[in-house]
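> sequence plus predicted model, see below.
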Amino acid sequence: MYTFPNKLRNLAIAFMVIGFLGLAYGFINAPKTIEEAKEMVASSHGEGHGESHDETTTTNHGEEDTHAVSESHETSVVDDHASSSHQETHDSSHDEHLFHQLSNKPWAAFYVAAFFFFMISLGVLAFYAIQRAAQAGWSPVLYRVMEGITAYLLPGGIVIIVILALSGMHLNHLFIWMDPEVVAHDELIAGKTGYLNVPFFLVRAVLFLLGWTTYRYFSRKFSLAQDQSDNISNHKKNFRISAAFLVFFIYSESVMSWDWIMSIDPHWFSTLFGWYVFASMIVSGVTTIALITIYLKSKGYLEFVNDSHIHDLGKFMFGFSVFWTYLWFSQFMLIWYSNIPEEVTYFMTRIEDYNLPFFGMVVMNFIFPLLILMNSDYKRINYFIVMAGIVVILGHYMDVYNMIMPSAVGDQWFIGVAEIGGFLFFLGLFIFIVFSELTKAPLFAKGDPFMGESERFHY
Amino acid sequence: MSNKVVHALYDDDDVLLSAVKNIRKEKYHIEEVYTPFPVHGLDKAMGLEETRLAIMAFIYGCIGLVVATVMMKYIMIDDWPQNIGGKPSFSYLENMPSFVPIMFELTVFFAAHLMVLTFYMRSKLWPFKKAENPNPLTTDDKFLVEIELQDNEKELTSLLKKSGAIDISIIEKPQ
């Protein structure tokens, strides 16, 4: 049995406290009124930002005309307009828009981190279900680690649903389609209200979380029961519910990604968005399994996990990183090539206002793991997996950041106290819940019929 | 030096694998093993040097990437400037995303084709080459281990018998 070391527990609690303070600082420092918001931007914008915004307005004018309908709430387009014109004319709707962006900032920082760590446990749950449904022979030694990580699913999901409900109560402006004022002036969003309305939105969120956690509850239960049992009936049940879960998962995950992320930008849509988010979640999930496995091994647990298991996790990290890049590029290239105004604004804001995080994450999520993990021998060396893993985890945090921030805060982004605080808070919570769950059952799932094969597994 | 070799025939890959390990443990030199299909782990059991083909694959891929970049720059930008996707920038860098599929394909193409050629050259295979396998059974379902013989016929054959060989023959190799 694993015991949660006090040092790690204290570290997790320290992360949560520091993170909480960081988030609180972010919320307190958010502007309360439009005047405050104007002042904040004026004091920080005077220096270097002037030139770049002039450029962006000239290149963007074509788009602005076509989007006149969408008023001031088409964030991506109007951002450039807002920030360049605030030096000359003080259009009140732009100021209000700026105010919304700045008051969104701590909320968005909170939401990005909450979603990122939730996404890790959901990705691990999907990976776990794939292992179960495929009756994989190599991975049963890692089942308990995966089950530990998926323990975060329920608390993490509840946090997200609370944030979504608070947005529905207009405590923040993350989802502009929730604002009846906006919908009244926006024909495009008005046409989508049959789907994008707060009650249905929350019902969907609760339904999905219920489905995922139900699977998680029963598969964990059968997995533990299998340890005590002398036949494989629990294993068979687990196989069946895993296959059913995977069908439910791929639909619900896709709809979840439209709801929770894509609808932040309600004018824009991408048909492969569900896959894109899925790639991100499974690569961070596999990476987290590898990191936690290596950590536990270094502490003397999981002695039955050998280099070949780490090697296989490394292969999955490598493969899913390439898969993520493939989807990232497919989404980007089609939209960039066709250059349709309502689609291309999505990437224009990201390339103009988010150049470094947007392309930086491609380096972190693709080029770095590609070069580090290409060599077969490196995938067997813990040091390389840990190094690549940390970069991949941070890179996928940036990926979620790039998905949510541009539409929520426009060009007012910054990775500051609130963002780092949000990351640390949920990192602490994640470590606390995952490692508490690891103590609840033996790390060796001795009843699994494939355990022998998995133990002998070698490359 | 004698040019006699022992040919031991096996009919199971697991038996072969443990036999190879045993033969090497007794310090006999295995010249070659002929198998109808790749046996997993045989290279390690025989103590073969690790292949360097992977390094060549990486280099070939890089060559393909460079060829694609230079080629697309020459064709689409320099020689006959094209208006790509309604964005007549005539700059390679700004049009780069539309060349990525070609860069990817040529990387794979170069790596794959040049690897096949390299593999043939390293394995000394070329058209009209006469087959080297001493026993046609190794193209069907039998495994053959070839061991150099040096006045140790008795011990060696008994060792091979014990290790599960179904047939042992001593062959004089033509010089």
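It's in.
> can you pull out the strands in chain B?
When assigned using DSSP state E, the strands of chain B occupy the ranges B:4-10, B:30-34, B:143-148, B:167-172.
> looking at the ones you listed, which is buried most?
Each of those was assessed for mean neighbour count using mean count of other C-beta atoms under 10 Å in any protein chain shown. The highest is strand B:143-148, with a mean of 22. For glycine as for every other residue, the C-beta is placed from the backbone atoms N, C-alpha and C.
> if we can go back for a sec, got the strands of chain B as TSV, with mean pLDDT and distance to chain A columns?
Formatted as TSV, these follow (pLDDT from 0 to 100; distance: least, C-beta to the nearest C-beta, whole Å):
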stretch	mean pLDDT	distance to chain A
strand B:4-10	89	22
strand B:30-34	89	20
strand B:143-148	90	21
strand B:167-172	86	31
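> and the ones you listed as CSV, adding distance to residue A:351?
Formatted as CSV, the entries for these read as follows, by distance: least, C-beta to C-beta, whole Å:
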stretch, distance to residue A:351
strand B:4-10, 62
strand B:30-34, 57
strand B:143-148, 59
strand B:167-172, 70
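> tell me where chain B has helices.
With DSSP state H as the criterion, chain B has helices at B:13-25, B:42-46, B:53-72, B:92-122, B:153-162.
> nearest approach to residue A:2 belongs to which of these?
Ranking these by proximity to residue A:2 (C-beta to C-beta) places helix B:42-46 first, at 33.9 Å.
> can you check the pLDDT for the closest residue to chain A within chain B?
Closest residue of chain B to chain A, C-beta to the nearest C-beta: residue B:85 (4.6 Å). On pLDDT, residue B:85 comes in at 82.
> point out where chain B drops to low pLDDT.
Under the criterion pLDDT under 70, the flagged ranges of chain B are B:1-2, B:174-175.
> nearest residue to the middle of the chain?
Reading this off chain A. Central residue check for chain A by C-alpha atoms, centre = their mean: the C-alpha nearest the mean position is that of residue A:116, 3.1 Å away.
> chain B was what I was after
Centroid-nearest residue in chain B: residue B:119, 5.5 Å away (criterion: C-alpha atoms, centre = their mean).
> and for it, nearest residue in space, chain neighbours not counted?
Using C-beta to C-beta, 6 or more residues apart in numbering or on different chains and skipping residues adjacent in sequence, the residue nearest residue B:119 is residue B:53, 6.6 Å away.
> what is the burial count for that neighbour?
12 (other C-beta atoms under 10 Å in any protein chain shown).
> from residue B:118, how far out is it?
As judged by C-beta to C-beta, to the nearest Å, residue B:53 and residue B:118 stand 7 Å apart.
> and what of residue A:167?
58 Å.
> so who does the residue nearest to residue B:119 touch?
Shown in contact with residue B:53 (C-beta atoms under 8 Å, 6 or more residues apart in numbering or on different chains): B:115, B:118-119, B:122.
> if we use 7 Å, what do you get?
B:115, B:118-119 (C-beta atoms under 7 Å, 6 or more residues apart in numbering or on different chains).
> up against chain A, what does chain B have?
With the criterion set to C-beta under 7 Å from any C-beta of the partner chain, chain B comes near chain A through B:85-87, B:97-98, B:100.
> can I get the buried part of those residues as one PyMOL selection?
Only the buried members of these enter the following PyMOL selection, criterion being 16 or more other C-beta atoms under 10 Å in any protein chain shown:
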select buried, chain B and resi 97+98
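> would you convert the residues of chain B next to chain A into a markdown table that also reports distance to residue A:219?
Listed next are the residues of chain B next to chain A as a markdown table, based on distance: C-beta to C-beta, whole Å:
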| residue | distance to residue A:219 |
| --- | --- |
| B:85 | 47 |
| B:86 | 51 |
| B:87 | 50 |
| B:97 | 42 |
| B:98 | 45 |
| B:100 | 40 |
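> closest one of the residues of chain B next to chain A to residue B:151?
Taking C-beta to C-beta as the measure, residue B:100 is the one of these closest to residue B:151, at 64.2 Å.
> so how far is residue B:106 from that closest one?
For residue B:100, the distance to residue B:106 (C-beta to C-beta) stands at 11 Å.
> and residue B:173, by the same measure?
Plainly put, residue B:173 is 45 Å away from residue B:106 if you go by C-beta to C-beta.
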